[in-house]
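Visitor: give me coordinates for this.
(one chain, ligands or ions: 1)
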Amino acid sequence: MTITITAFETSPDGGKGLARDTRVRWALEEAGLPYGVRLVSFQAMKEPAHLALHPFGQIPTYEEGGLALFETGAIVFHIAERHAGLLPHDPDARTRAIMWMFAALSTVEPPILELVTAKFVEAGKPWTPDRLPLIADRIRARLGQLSVRLGDADWLDGAFSAGDLLMVSVLLRLKPSGLLGEFPSLAAYVARGEARPGYQRAYAAQAAVAAGVQA
Ligand code: GTB
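Guide: Predicted structure coming up:
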């Protein structure tokens, strides 16, 4: 069955891999699944054809036969459930990997998104200079806890899983802030994720869009 995802026609990050189609591309690469990409403009994302796929007018979306999905957590979970390589077979280990998917999206990502909002969306607001250090400290607290749990392991719970894929994807957003560098074990964890051939292929594919050379 053909898989088609959507991605920004013009990503605001200029192809640095920070838009959320990268994590879906990465999951597809880890699973060894070919996929097509439909690029959408900011205007097209708010039009009825795209809103029928994504009620919030965002990317990425995922289409496979009659199935249409939005939300990267649900998309990565769908891929991981049906293909080898992203979830362990052992039932308890599988549930723990899914737990880490939720942890990435609902516990670690929110303060990181707050930082992005404060820095870019609320850049000139009078409250922003006071808010930024508070948000940074909330992120530091989460990173500290996460680094304790990771310890000197390569991945969060045994072999690489969809939990690591989402956690690394979430942490990557912190790179420009310098906060990740304060936690060397997490910086190394992210680097291990980035070094995976599947991530490299996903990154190259989204960078090709920004460079205007998408296959
Ligand atoms: N919870 C949803 C999911 O995980 O799928 C969130 C989806 C989402 O935020 N999509 C963003 C979007 O479509 C793109 S990824 N935004 C357009 C809109 O809402 O109108 C977020 C993103 C955007 C830009 C950068 N960047 O330039 O660095 C990074 C991440």
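Visitor: check contacts around Ile59.
Guide: Thr6, Ala7, Phe8, Ala19, Arg20, Asp21, Val40, Met45 (C-beta atoms under 8 Å, 6 or more residues apart in numbering). Heads up, the C-betas are built off the backbone N, CA and C, glycines and all.
Visitor: helices or strands up against the biggest helix by length in the chain?
Guide: When the chain is parsed with DSSP state H, its longest helix is helix 128-150. In this structure, helix 128-150 packs against helix 109-116, helix 184-195, with contacts taken as 3 or more C-beta pairs under 8 Å, 6 or more residues apart in numbering; DSSP states H and E.
Visitor: same list, the contacts of Ile59, but as TSV with neighbour count and pLDDT please.
Guide: Formatted as TSV, the contacts of Ile59 follow (neighbours: other C-beta atoms under 10 Å; pLDDT from 0 to 100):
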residue	neighbour count	pLDDT
Thr6	23	98
Ala7	22	98
Phe8	22	98
Ala19	19	97
Arg20	18	98
Asp21	25	98
Val40	24	98
Met45	20	98
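Visitor: overlap between the residues you listed and the residues near the ligand?
Guide: Contacts with the ligand within these, as defined by C-beta under 6 Å from any ligand atom: Ala19, Arg20, Met45.
Visitor: filter those down to the ones in helices?
Guide: Met45.
Visitor: could you dump the ones next to the ligand among the contacts of Ile59 into a markdown table with distance to Asp90 added?
Guide: A markdown table is the format used below for the ones next to the ligand among the contacts of Ile59 (distance: C-beta to C-beta, whole Å):
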| residue | distance to Asp90 |
| --- | --- |
| Ala19 | 33 |
| Arg20 | 29 |
| Met45 | 40 |
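Visitor: what sits against Arg23?
Guide: Applying C-beta under 8 Å, 6+ apart, we find Arg23 in contact with Thr72, Val76, Leu165, Leu166, Ser169, Ala202.
Visitor: surely Ala208 and Gln214 touch.
Guide: Yes. Shown here, Ala208 and Gln214 form a contact pair, counting by C-beta atoms under 8 Å, at 4.9 Å.
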